[in-house]
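Trainee: sequence below, structure please.
(one chain, ligands or ions: 1)
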Amino acid sequence: MEELLSCIKLILLAFMALLFVLKVVVLLWWRPKKIEVHFSKQGIRGPPYHFFIGNFKELMGMMLKASSQPMPLSHNILPRVLSFYHHWKKIYGATFLVWFGSTVRLTVSDPDLIREIFTSKSEFYEKNEAHPLVKQLEGDGLLSLKGEKWAHHRKIITPTFHMENLKLLIPVMAKCVVDMLDKWSAMSENGEVEIDVSEWFQTLTEDVITRTAFGSSYEDGKAVFRLQAQQMLLAADVFQKAFIPGYRFFPTKRNMNSWKLDKEIKKLLVKLINQRRENCCLTVEKGPKDLLGLMIQASNSCPSSNSNITVYDIVEECKSFFFAGKQTTSNLLTWTTILLAMHPHWQVQAREEVLRVCGARDIPTKDDVVKLKTLNMIVNESLRLYPPTIATIRRAKTDVELGDYKIPRGTELLIPILAVHHDQGLWGNDVNEFNPGRFSEGVAHAANHPVSFIPFGLGVRTCIGQNLAILQAKLALSIILHRFTFRLAPAYQHAPTVLMLLYPQHGAPIIFQTRTSLRDQGL
Ligand code: HEM
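Mentor: Take a look at the predicted model:
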């Protein structure tokens with residue numbers, strides 16, 4: 001009897017093992033091959049799928065090779081930054097299949113198809129599941145939420161980003177910029193100083209995001225974001241290494257540190273929320289609306305409803321804001337400063353405009369900022385050539401038709417924002433030149449197609465923070481232009497590269513000369 005039982009057990013085990021192997025073969029071999037056939041019948045091809053790793057090896061090889069090579073002072077950055085796209089587009093055309101492991105992605109850079117995905121047929125697509133490490137960082141907030149919960153959060157948070165509310169932040173934003181520039185002036189010798197702007201701008205944008213998110217609880221908010229910055233460093237470290245599924249659950253030193261940080265962040269935020277709840281019962285809050293205040297208000301106003309906002313929701317939204325708002329804006333500031341240093345002619349024009357609009361004021365008012373049209377064009381051209389977010393992804397929720405293509409449910413669509421912005425067919429022969437003048441008639445008329453400029457995405461899930469980013473960039477740049485002239489430092493190496501966002505691989509050393517010192521020298 002016992003022998004019979006152990007024999008049955010063995011057969012069961014063998015059967016389960018067989019099932020497992022079958023499942024693996026179906027998922028990692030049969031299904032990808034079926035998808036390849038489905039698309040090739042529609043004329044869409046791509047580099048062949050390899051078991052389990054997909055095109056990961058070739059893709060990483062190309063990216064690493066490109067980022068290890070120097071490049072000239074040119075804005076033709078697509079071959080370096082999105083080398084795999086540039087390479088395979090030449091072989092397979094702009095719409096091709098690429099395999100990230102066993103996940104298939106279809107590249108879509110045709111503006112008509114992009115419009116379908118984000119606006120006219122957006123109900124058929126959803127955000128894809130981010131890489132687990134990215135997910136850990138971006139939190140369970142607006143960036144990744146879906147459906148009703150996303151709509152509810154977006155509605156609550158939106159008033160923070162209304163222009164009228166943001167304008168109330170101008171005095172504190174300007175103070176942060178002035179404090180930073182005072183430090184630069186103090187560091188200067190004979191009115192000249194070399195600054196790696198990429199580092200300084202990060203501190204600046206962190207300050208502004210902290211105020212937008214936490215308002216009156218600024219000091220405590222700062223501590224929360226410090227911890228989140230440490231978490232980002234840990235995740236960025238792993239991001240550069242090979243991805244092992246489930247690795248984040250292993251009790252490695254890195255993971256344990258990350259869990260500890262997570263705990264501390266939650267503890268701090270819960271304390272902050274409780275303090276704020278007590279305060280708002282005692283006093284009427286003044287000043288601009290902030291993320292924390294609005295979310296606490298929403299959680300107080302409907303405590304029994306299903307759409308109630310919990311402490312967990314607030315914690316996750318704070319993460320989302322920090323992740324989405326800080327480095328994107330500092331990268332925009334960094335690239336725009338580099339561009340103005342590379343193109344002194346535009347720097348002069350921008351400064352003349354600032355002096356004309358602001359007169360004797362060295363800090364623009366909210367009305368001045370609106371009038372800075374040349375600076376606006378410069379910021380747009382910077383976002384076109386060096387978009388901080390170089391790509392975004394959507395997943396088909398059902399089988400869907402995209403143009404003439406039949407897209408099966410679950411297919412991911414990769415929209416290479418950088419490639420759209422560098423498409424000669426859309427932007428003309430001077431596509432790789434810095435020419436802010438192309439935006440003189442507004443964004444809609446800058447290219448051959450209105451959906452050619454998408455640095456903040458498109459449709460309902462467009463960036464909620466774009467007004468803040470542009471306002472902050474224009475304010476900081478106008479104060480810098482008022483005080484300094486600047487040029488690239490000899491140490492500057494032009495090396496745009498991507499690690500989640502587009503950033504200068506070897507930093508951004510710039511030499512700033514105070515305008516007062518130039519006047520003293522009679523220049
Ligand atoms: C130059 C600066 C910025 C750039 C280039 C940028 C870019 C983007 C892009 C491309 C998207 C859409 C992603 C997609 O459709 O998959 C997005 C969404 C988002 N951004 Fe920004 N962003 C910037 C600044 C900010 C700031 C300052 C904040 C907040 C303080 C912010 C918060 C968000 C959030 C929360 C979302 C998700 C919105 C939603 O899905 O409802 N961003 N951003």
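Trainee: ranges for the strands of the protein?
Mentor: 97-100, 103-107, 125-127, 192-196, 392-396, 400-402, 405-407, 412-415, 484-488, 496-499, 501-504, 509-514 (DSSP state E).
Trainee: which of these has the lowest average pLDDT?
Mentor: Looking over these, mean pLDDT reaches its minimum on strand 496-499, with a mean of 92.
Trainee: ok, His153 touching Gly141?
Mentor: Yes - with contacts counted by C-beta atoms under 8 Å, His153 reaches Gly141, the gap being 7.0 Å. Just so you know, the C-beta spots here come from the backbone N, C-alpha and C atoms, and that holds for glycine as well.
Trainee: what sits in contact with each of these two?
Mentor: Asp313, Glu317 (C-beta atoms under 8 Å, 6 or more residues apart in numbering).
Trainee: for this structure, which helix is longest?
Mentor: Across the chain, the longest stretch assigned as helix under DSSP state H is helix 311-342.
Trainee: what about that one and the ligand, touching?
Mentor: Yes - for helix 311-342, a contact with the ligand is found by C-beta under 6 Å from any ligand atom, at Ser320, Phe321, Ala324, Gly325, Thr328, Thr329, Leu332.
Trainee: for whichever residue of the stretch 201-350 of the chain sits closest to the ligand, which non-adjacent residue is closest in space?
Mentor: Nearest to the ligand, among the residues of the stretch 201-350 of the chain, is Gly325, at 2.9 Å (C-beta to the nearest ligand atom). Once flanking residues are discounted, Gly325 sits nearest to Ile209: 4.5 Å by C-beta to C-beta, 6 or more residues apart in numbering.
Trainee: need the phi and psi values for the residue of the stretch 51-200 of the chain found nearest the ligand.
Mentor: Closest to the ligand within the stretch 51-200 of the chain is Leu142: 3.9 Å, counting by C-beta to the nearest ligand atom. When read as degrees, to the nearest 10, the backbone of Leu142 gives phi -50, psi -40.
Trainee: what's stretch 314-321 in contact with?
Mentor: With C-beta under 8 Å, 6+ apart as the test, stretch 314-321 has contacts from 137-144, 153, 157, 209, 212-213, 221, 224, 228, 265-266, 269-270, 273, 291-292, 295-296, 299, 465.
Trainee: residues from the chain in reach of the ligand?
Mentor: Along the chain, the residues adjacent to the ligand under the rule C-beta under 6 Å from any ligand atom are 142-143, 154, 209, 212, 320-321, 324-325, 328-329, 332, 388-389, 392, 455-457, 461, 463-465, 468-469.
Trainee: what about the stretch 151-300 of the chain, any weak spots by pLDDT?
Mentor: Scanning the stretch 151-300 of the chain for pLDDT under 70 picks out 236-248, 280-286.
Trainee: cutoff 90 now
Mentor: Residues of the stretch 151-300 of the chain that meet the criterion pLDDT under 90 lie in 160-161, 164-169, 171-172, 206-259, 261-263, 265-300.
Trainee: Gly465 versus the residue of the stretch 51-200 of the chain closest to the ligand, what's the distance?
Mentor: 10 Å (C-beta to C-beta, to the nearest Å).
Trainee: check contacts around Glu353.
Mentor: Neighbour list for Glu353: Leu372, Lys373, Thr374, Leu375 [criterion: C-beta under 8 Å, 6+ apart].
Trainee: ok, Ile156 touching Ala298?
Mentor: Yes - the pair Ile156 / Ala298 is scored as a contact, 4.7 Å apart, by C-beta under 8 Å.
Trainee: what about Phe484, how many neighbours?
Mentor: Residues within reach of Phe484, counting by other C-beta atoms under 10 Å, total 26.
Trainee: cool, Gly61 as well?
Mentor: Residues lying near Gly61 (other C-beta under 10 Å) number 13.
Trainee: and Ala489, by the same measure?
Mentor: 16.
Trainee: re the thing from before, in the longest helix of the chain, which residues are buried?
Mentor: 313-342 (16 or more other C-beta atoms under 10 Å).
Trainee: stretch 294-302 now?
Mentor: Buried-residue list, stretch 294-302, by 16+ other C-beta under 10 Å: Leu294, Met295, Ile296, Gln297, Ala298, Ser299.
Trainee: let me know the closest of the residues you listed to Glu192.
Mentor: Leu294 (44.6 Å; C-beta to C-beta).
Trainee: against Gly141, how distant is the residue lying closest to the closest one once chain neighbours are set aside?
Mentor: Excluding its sequence neighbours, the residue lying closest to Leu294 (C-beta to C-beta, 6+ apart) is Ile156, at 5.6 Å. Distance, Ile156 to Gly141, using C-beta to C-beta: 11 Å.
Trainee: backbone phi and psi for the closest residue to the ligand within the chain, please?
Mentor: The minimum distance from the chain to the ligand, using C-beta to the nearest ligand atom, falls at Gly465 (2.2 Å). The phi and psi torsions at Gly465 (degrees, to the nearest 10) take the values phi -100, psi 10.
Trainee: check it and give its pLDDT.
Mentor: Gly465 is assigned 94 on the pLDDT scale.
Trainee: wait, Gly287 sits on Tyr218?
Mentor: No - with contact defined as C-beta under 8 Å, Gly287 does not count as touching Tyr218 (10.6 Å).
Trainee: show me what contacts Thr203?
Mentor: Met180.
Trainee: same thing but 10 Å
Mentor: Applying C-beta atoms under 10 Å, 6 or more residues apart in numbering, we find Thr203 in contact with Cys176, Asp179, Met180, Lys326, Ser330.
Trainee: helices along the stretch 101-250 of the chain, start to end?
Mentor: 111-115, 132-138, 147-157, 163-167, 170-187, 197-214, 218-239 (DSSP state H, counting those that start in this stretch).
Trainee: residue nearest the centroid of the protein?
Mentor: A centroid search over the chain (C-alpha atoms, centre = their mean) returns Thr389, at 4.3 Å, as the residue closest to the centre.
Trainee: so how far is Glu192 from that residue?
Mentor: Counting by C-beta to C-beta, the gap from Thr389 to Glu192 is 34 Å.
Trainee: cool, Asp182 as well?
Mentor: 16 Å.
Trainee: which one of these two has more residues nearby?
Mentor: Glu192 (15 against 11).
Trainee: Phe484 is in contact with the more buried one, correct?
Mentor: Yes - counting by C-beta atoms under 10 Å, Phe484 is a contact partner of Glu192 at 9.5 Å.
Trainee: overlap in contacts of these two?
Mentor: By C-beta under 10 Å, 6+ apart, the residues touching both Glu192 and Phe484 are Ile511, Phe512, Gln513, Thr514, Ser517, Leu518.
Trainee: could I get those as TSV with neighbour count and distance to Gln347?
Mentor: Shown next, in TSV, are these (neighbours: other C-beta atoms under 10 Å; distance: C-beta to C-beta, whole Å):
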residue	neighbour count	distance to Gln347
Ile511	19	13
Phe512	25	12
Gln513	19	12
Thr514	19	15
Ser517	17	17
Leu518	14	13
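Trainee: tabulate those in TSV, adding columns for distance to Asn380.
Mentor: Below are the shared contacts of Glu192 and Phe484 laid out as TSV (distance: C-beta to C-beta, whole Å):
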residue	distance to Asn380
Ile511	26
Phe512	24
Gln513	27
Thr514	28
Ser517	32
Leu518	29
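Trainee: on that earlier part again, out of the helices of the stretch 101-250 of the chain, the one nearest Val354 is which?
Mentor: Val354 lies closest to helix 170-187 among those, at 13.1 Å (C-beta to C-beta).
Trainee: now for stretch 127-145, what's the gap between its first and last residues?
Mentor: 8 Å (C-alpha to C-alpha, to the nearest Å).
Trainee: what residues are up against Thr389?
Mentor: Each residue near Thr389 by C-beta under 10 Å, 6+ apart is listed here: 324, 328, 331, 383, 417-418, 454-457, 463, 498, 500-502.
Trainee: just the buried residues of the residues you listed.
Mentor: Buried residues within these, defined by neighbour count using 16+ other C-beta under 10 Å: 324, 328, 331, 383, 417-418, 454-456, 463, 498, 500, 502.
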